[in-house]
Structures are given as structure tokens and as C-alpha cells.
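Peer 1: Provided below are the primary sequence and the corresponding predicted coordinates.
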Amino acid sequence: MTTLAARAAAPLTALRRQTFAALSNPNYRRYVSGQAVSLVGTWMQSIAQSWLVLQLTGSATALGVVIALQTLPTLVLGPYAGVVADRFDKRRLMIGLQSGMGVLALLLGVLTITGTVTLWHVYVLAFLLGMNNCFENPARQSFILEMVGPDDLRNAVSLNSVLVNVARAVGPAIAGIVIALGGIGLCFLLNAVSFVAVVASLARLDVSRLSRSVPTPRAPGQLREGLAYVRRTPELAVPLLMMALVGCLAYEFQVVLPVFAQQTFAGDASTYGFLTAAMGVGAVVGGLYVAARGRTGLHALVVAATLFGLAMVATALAPNLPVALVGMGLIGAFSVAFLSTGNSTLQLAADPQMRGRVMALWAVAFLGSTPIGGPIAGVVVQSFGSRAGLMLGAVACLLAAALGSVVARRSRVGRAEVLR
């Protein structure tokens with residue numbers, strides 16, 4: 001009986017090991033422990049900041065401007081941030097930048113609690129936070145490969161997405177409670193404290209176990225070199241174009257969802273938190289599936305973009321809040337599949353000496369497009385309602401899927417002609 005039970009359990013044990021393979025790496029476990037705390041705080045601040053702007057202005061357009069300011073540095077300086085990531089020790093760079101983010105959260109918390117915060121304060125601090133994110137993002141993305149190596153990269157990227165979305169589920173729920181009991185400012189202060197965890201985890205990594213890439217020596221033309229490299233490499237250029245389209249118009253949830261909660265369902269901050277949390281729960285499920293069974297490559301990216309778009313259509317048409325919560329769960333699952341697939345595809349296809357610059361362009365496509373898409377989404381929501389904002393994202397996903405499908409089909413045709 002014991003032997004039969006062991007045989008029956010063997011496939012589940014193998015699946016569990018496959019799903020969480022990257023966690024066998026001690027450095028990755030330390031990194032994840034710090035990120036887990038910090039990301040909950042980050043999502044708390046995201047909810048609190050959006051609700052603060054709505055309280056100060058009541059304007060979806062103002063909310064779009066704040067998000068745009070927070071991502072504008074990535075649009076303008078993102079490619080150069082990749083050059084910096086290739087030149088310097090990524091771990092030390094991350095420690096400095098994460099510390100700066102904690103200081104900014106502390107400042108916003110103090111301003112809010114003392115009642116002196118105004119819209120221009122939020123604008124300035126959002127822009128400064130965006131500057132930190134601009135340089136930290138490519139360093140962090142490319143640092144994962146240095147921790148786990150190529151064999152566990154896709155798994156680590158997927159688990160990182162799961163972590164982000166567990167925080168997306170937990171952070172907004174905590175934020176709703178904290179806002180109700182202690183006010184918006186307390187969310188910012190708790191986020192400031194959370195950065196201590198991630199800085200400590202980075203400082204405690206065993207650097208002897210890292211597969212650090214050789215820093216690229218300073219030289220003229222490195223930014224142009226990186227852009228030219230991507231341009232002549234379709235395996236990199238097409239996923240980046242798809243991400244630019246989807247990132248610009250589909251990932252504007254911080255603009256769309258507060259209004260979706262407030263106007264469409266006559267809700268409050270807790271309703272917004274539930275919608276965001278539902279998306280996070282779905283993303284956890286999707287991320288775990290991708291970690292265990294996911295694929296890389298253009299075809300997998302096209303499938304994920306298509307499902308992402310269809311989920312947004314279904315949510316935009318939801319007749320009531322329970323249906324919308326289910327729709328947000330599907331959006332979360334397919335959005336994380338799209339992100340994880342694209343991220344892994346790029347990192348595995350990129351030359352190690354170019355990886356920082358390639359992942360900086362990924363950040364530009366994902367976050368840097370928001371200064372364009374955020375105000376567009378804000379105007380669409382202000383003029384036509386929050387359902388139209390979701391439909392705008394759905395169209396972007398389906399167009400990106402069509403672009404990738406055309407390129408993939410042409411690539412298959414070209415290979416077939418060569419074989420003839």
C-alpha cells in the first residue's frame with residue numbers, strides 16, 4: 001500500500017519540484033523573501049496613491065497624469081538605463097535605488113498624514129519614483145539570470161510574476177483595511193518600512209554563487225549599438241513591438257480600475273481593492289501554470305496576447321461586480337502569462353553583454369509607454385466611461401497578437417522555402 005501511494009504521489013512531487021525549481025537556489029530564496037515584503041508595500045502605495053489623487057481632484061485625467069509622470073523617465077531614459085545596468089554591478093545598483101524608493105515613500109507618507117499634501121507634491125514624488133524605477137528595472141530583470149542561470153530562468157521569471165501578483169492580491173486588501181482604519185498616509189509609511197526587507201536581502205546574497213556578467217567597459221555609441229542589435233534580431237524586435245502596444249494601452253489598470261469601481265459599480269476604495277486583488281489571484285494561478293508548463297517563443301506569446309484581449313472584452317461587458325471579479329481573475333492569469341513569456345523569451349535570446357540594454361527596452365515597452373497610454377486611457381475613461389477603457393486595452397492585445405501571428409507565419413513560410 002505504501003509503495004502504491006508513493007507511486008501515485010510521484011507525479012505530484014515531480015510537478016511541485018518543476019513548478020518551484022528556482023527556489024532550490026539559496027540566493028533566489030533570499031531575494032524572494034525580501035521582494036515578498038517590499039512588493040506588498042508597493043501595491044499598498046499604488047492603491048493609496050490612486051485613491052489620494054481621486055480624493056484631491058476627482059479626475060480620471062489627473063490620475064492618468066500621475067501615472068504618466070511616474071513612467072515618463074522610463075520612456076525618455078530607459079534605453080540609457082540599460083547601458084548603466086550593463087556597466088555596473090547590478091546588485092549594488094539595486095541596493096542604492098531601492099533605498100531611494102523607501103525615502104520617497106516616507107516623504108509622501110509624512111506629507112499625507114500631516115495634511116499638507118497637494119497634487120503637485122504627488123506629481124513630483126511620482127516623477128522621482130519613476131527615475132528610480134527607470135534604472136532599477138533593467139538591473140533587476142537581468143540580475144535574475146545571474147542568480148539562477150539559464151536553465152531555471154523561465155521558472156524564476158514566472159515565480160517572480162507569481163510573487164508580484166500574490167502581492168497584488170494581498171497588498172490592496174491590506175491597503176483597504178489600513179485606509180479605513182488609519183488613513184491613506186499610513187499606507188505610504190508602511191511601504192517605506194518594507195524597503196528595509198529587500199535591501200537587507202540583497203545585502204545578504206552570497207556573491208560567490210552569482211554568475212555575474214562581465215561589466216561592459218564605458219565606450220561611445222553603446223546605446224546605438226544596443227538599438228541596432230535589437231533591430232537586426234527579429235526574435236527580440238517582434239516581442240518588444242508587441243509589448244509596446246499592449247503596455248501602452250492595456251496595462252493602464254491604475255487609471256481604469258478606480259473609475260471602474262467608483263462609477264460602474266458605485267463602489268469605494270475597498271471595491272477597487274477587490275478588483276485589483278481578483279486580478280492578483282488570477283495572476284498567481286496563471287503564473288504557477290507558466291512556471292510548471294509554460295513555453296517561450298513567439299507562438300506562445302501570440303496565444304497569451306489573444307487570451308489576454310478576450311478576457312478584457314469579457315470584463316468590460318460584465319453586468320455586475322461578481323462577474324467583473326471573475327473577469328479580472330482571467331485578466332490576471334493571461335496578463336502574467338504574456339509578461340512571463342515575453343520576458344523569458346527576450347532574456348534567453350539576448351547576448352549576455354546586451355542583456356541589460358534589451359531588458360531596458362522591455363521596460364520602455366512595458367512601463368515607458370504609459371506616459372502615452374495613461375493620458376489616452378484617462379481621456380477615454382473620462383469621455384466614454386471605464387468600460388471603454390477596458391475595451392481599448394482589449395483591442396491593443398488583439399492587434400499585438402495579430403502582429404505576432406503574421407510575423408510567425410511569414411517566418412514559417414520562409415523556413416519552408418529554404419528547406420525546399
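Peer 2: Everything's here; your move. Computed from a prediction, not measured in an experiment: that's the story for all the values here.
Peer 1: shouldn't A401 be in contact with H299?
Peer 2: No - look at A401 against H299 with CB atoms under 8 Å: they stay out of range, at 10.8 Å. For every residue, glycine as well, the C-beta is placed using N, CA and C.
Peer 1: who has more neighbours, these two?
Peer 2: Higher neighbour count among A401 and H299: A401, with 24 against 15, using other CB atoms under 10 Å.
Peer 1: where's that one, which helix or strand?
Peer 2: Taking DSSP states H and E as the criterion, the element that holds A401 is helix 386-419.
Peer 1: for that helix, packing partners?
Peer 2: helix 234-249, helix 253-259, helix 298-316, helix 370-384 (3 or more CB pairs under 8 Å, 6 or more residues apart in numbering; DSSP states H and E).
Peer 1: which outside residues touch the shortest one?
Peer 2: The set of residues external to helix 253-259 that reach it, using CB atoms under 8 Å, 6 or more residues apart in numbering, is 46, 50-51, 54, 60, 63-64, 67, 272, 275-276, 279, 374, 377-378, 381, 385-386, 389-390, 393.
Peer 1: What is the subsequent helix or strand relative to that helix?
Peer 2: Downstream of helix 253-259, the first helix or strand assigned by DSSP H and E is helix 269-293.
Peer 1: Can you tell me which helices and strands that following helix packs against?
Peer 2: Using 3+ CB pairs under 8 Å, 6+ apart, helix 269-293 is in contact with helix 2-19, helix 26-57, helix 153-182, helix 253-259, helix 321-349.
Peer 1: I'd like the average pLDDT over the third one.
Peer 2: Taken as a whole, helix 153-182 has an average pLDDT of 78.
Peer 1: Could you do the first one as well?
Peer 2: For helix 2-19, the per-residue pLDDT values average out at 55.
Peer 1: got the helices and strands packed on helix 269-293 as JSON lines, with mean neighbour count columns?
Peer 2: Shown next, in JSON lines, are the helices and strands packed on helix 269-293 (neighbours: other CB atoms under 10 Å):
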{"stretch": "helix 2-19", "mean neighbour count": "10"}
{"stretch": "helix 26-57", "mean neighbour count": "22"}
{"stretch": "helix 153-182", "mean neighbour count": "22"}
{"stretch": "helix 253-259", "mean neighbour count": "26"}
{"stretch": "helix 321-349", "mean neighbour count": "24"}
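Peer 1: Which one, of the ones you listed, ends up nearest to L240?
Peer 2: helix 321-349 (7.4 Å; CB to CB).
Peer 1: what about stretch 257-274, start to end distance?
Peer 2: In stretch 257-274, first residue to last residue: 10 Å (CA to CA, to the nearest Å).
Peer 1: Give the buried residues for it.
Peer 2: By neighbour count with 16 or more other CB atoms under 10 Å, stretch 257-274 contains the buried residues 257-262, 264-265, 267, 269-274.
Peer 1: low pLDDT regions in the protein?
Peer 2: For the chain, the stretches flagged by pLDDT under 70 are 1-18, 165, 168-169, 213-221, 291-294, 352, 367-371, 411-420.
Peer 1: residues touching the nearest residue to L390 once chain neighbours are set aside, list them.
Peer 2: Among residues not flanking L390 along the chain, A316 sits closest, at 3.8 Å (CB to CB, 6 or more residues apart in numbering). Residues near A316 by CB under 8 Å, 6+ apart: 387-388, 390-391, 394.
Peer 1: ranking these by neighbours, who comes first?
Peer 2: L390 (31 neighbours).
Peer 1: Run a quick check on that residue versus F260, I expect a contact.
Peer 2: Yes - if you go by CB under 8 Å, L390 and F260 touch, sitting 7.3 Å apart.
Peer 1: Residues touching stretch 167-180, excluding its own?
Peer 2: Stretch 167-180 is contacted by residues 36, 39-44, 46-48, 51, 186-187, 190, 269-270, 272-274, 276-281, 283-284, 332 when judged by CB under 8 Å, 6+ apart.
Peer 1: Share the number of residues neighbouring the residue lying closest to S59 once chain neighbours are set aside, please.
Peer 2: Among residues not flanking S59 along the chain, Q382 sits closest, at 7.5 Å (CB to CB, 6+ apart). By the criterion of other CB under 10 Å, Q382 has 19 neighbours.
Peer 1: pretty sure Q382 contacts A62?
Peer 2: No - with contact defined as CB under 8 Å, Q382 and A62 do not form a contacting pair (9.9 Å).
Peer 1: so what sits against both of those two?
Peer 2: What both Q382 and A62 touch, as defined by CB under 8 Å, 6+ apart, is an empty set.
Peer 1: and the helices and strands packed on helix 386-419, which is most packed in?
Peer 2: Of the helices and strands packed on helix 386-419, the one with the most neighbours on average (mean count of other CB atoms under 10 Å) is helix 253-259, at a mean of 26.
Peer 1: now for stretch 239-259, what's the gap between its first and last residues?
Peer 2: 31 Å.
Peer 1: Stretch 84-92 too?
Peer 2: Across stretch 84-92, first to last residue, CA to CA, it's 12 Å.
Peer 1: Let me know the secondary structure of L63.
Peer 2: At L63 the chain is in helix, as set by DSSP: H, G, I helix; E, B strand; the rest coil.
Peer 1: my guess is it contacts L52, does it?
Peer 2: No - contact criterion CB under 8 Å: L63 and L52 do not qualify, at 9.9 Å.
Peer 1: Can you tell me the closest non-neighbouring residue to A81?
Peer 2: Per CB to CB, 6+ apart, closest to A81 is F135, 4.5 Å.
Peer 1: got the contact list for that neighbour?
Peer 2: Here F135 is in contact with 77, 81, 84-85, 93, 97 (CB under 8 Å, 6+ apart).
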